[in-house]
Structure formats: structure tokens, C-alpha cells
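Chemist: kindly return the folded structure for what I paste below:
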Amino acid sequence: MGHEKNSSRKLRRSYKLVLIFGPQAVGKMTVGQELARITDLKLFHNHMTIDLVSHFFDYGTKEGKRLVGLFREEIFEEVSKSDLYGLIFTYVWAFDLQSDWDEVNKICNIFESKGGTVYFVELEANLEERLERNKSTNRLKHKPSKRNIEWSEKDLISSLKQYRLNSFDGEIQKDNYIKINNTNVSATEVAEIIANKFKL
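Modeler: Okay, here's the model as predicted:
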């Protein structure tokens, strides 16, 4: 019995969270899909909760944000206590918002407090490429709220003016961190770089 408990604890200690972040349409979900395909990690992209809640409340509302936050936190808590190999989570991180730093720290703490390891993957690409990716079949298939292309393009451009969605050099002080400019790199290649870098 004691041995089983120790094994279970050891399994959870090796748990992995890969946090893929960057601006809209940079390719976070697509890279996450490829990474999930070549590893045992499960993909949890940020629109899974946003699009679920949007059937009832817009994400921009107080109710929408609260529900999205609750769903995500409950999923993180359950997964962090499970025997799954690990999770990929995608996130748009506004570096000039303290609330986003707090959210990232909160997510990391859920896993690290149980002995898990968090890997930080930052993606960046030029605006022209992101506008093209915003219209991709894969993106529109998995993100219903992005199917209004005119709206999503305006949102993409306005958020670029409003927030800083990529970090400054040296701003992220984490051992397990990589920044990739994937403007001209396929999602498959990026996933392989991540898997090799962190031995996933």
C-alpha cells in the first residue's frame, strides 16, 4: 500500500505543463496539436472554454470571464492530480497587464505545488503571417468565435496596439523557457523543436 502511494506521488511529480503563449493567430493551437500528436501530452487550447461559455455569455463580460476562469481552474486542478503524462495549454499573455502575470503564476502554482514541471514556449510571428493564419481552415474549424473574419482581424490588430503580446528579451526568468519566431517555420517543425528541447 505504501509502495503504491509512493509510486503515485512519483508519477505526479513528473507531471508536465507546456504553456504555449503568444499573440492571436501566431499558431499556438496548431503547434499544440502537433506537439500532442508526437507526445503523450493532452491539448487544452484556450478557446475550448471561451467558446463553451460564449453560448451563454460573451467572454468580455464579467460573467463570461468568471465562468471561463472557473472551468479552467477546475480542469487544471483535476489534471494536476491525475496520472496523465501532462497538458499543453495555450494562452494570450499581455505582458503589460499584471492580472495576466498573476493568472500565469496561479496556473503554474497549481502544477508546481504538486511537484509538476512547467515549460514556457513563446511564439512570435510577423503581422502579415498572423493575418493569413487568422483565416486558416484549422483555426476556423476549432474556434467558432473566430469565423467572423472581419471582426477577428480588427480584434487582432487592435489588441496589438493595446497590449504587448510578446516579451522583452530577458523578461521571462524561467529555466524551462524557449522563444521561437515561427513566421517561416511549420507547426510540425516547431513541435519537434519543443519536444527535443524539453525532452518530451
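Chemist: which residue ranges of this protein form helices?
Modeler: In the chain, the segments counted as helices under DSSP state H are 2-13, 28-38, 47-53, 62-80, 98-112, 127-133, 137-142, 149-162, 187-197.
Chemist: Ile172 is nearest to which of these?
Modeler: Taking C-beta to C-beta, helix 98-112 is the member of the helices of the chain nearest to Ile172, at 9.7 Å. Quick note: C-beta positions are derived from backbone N, CA and C, even for glycine.
Chemist: what's the closest one packed up against?
Modeler: If you count contacts as 3 or more C-beta pairs under 8 Å, 6 or more residues apart in numbering; DSSP states H and E, helix 98-112 packs onto strand 16-21, helix 62-80, strand 86-91, strand 117-124.
Chemist: of the helices of the chain, flag the one that's most buried.
Modeler: helix 28-38 (a mean of 22; mean count of other C-beta atoms under 10 Å).
Chemist: ok, for Glu122, nearest residue in space, not its chain neighbours?
Modeler: Lys179 (4.3 Å; C-beta to C-beta, 6 or more residues apart in numbering).
Chemist: check whether the one you found really touches Glu124, as I assumed.
Modeler: Yes - Lys179 lies in contact with Glu124 (C-beta atoms under 8 Å); the separation is 6.9 Å.
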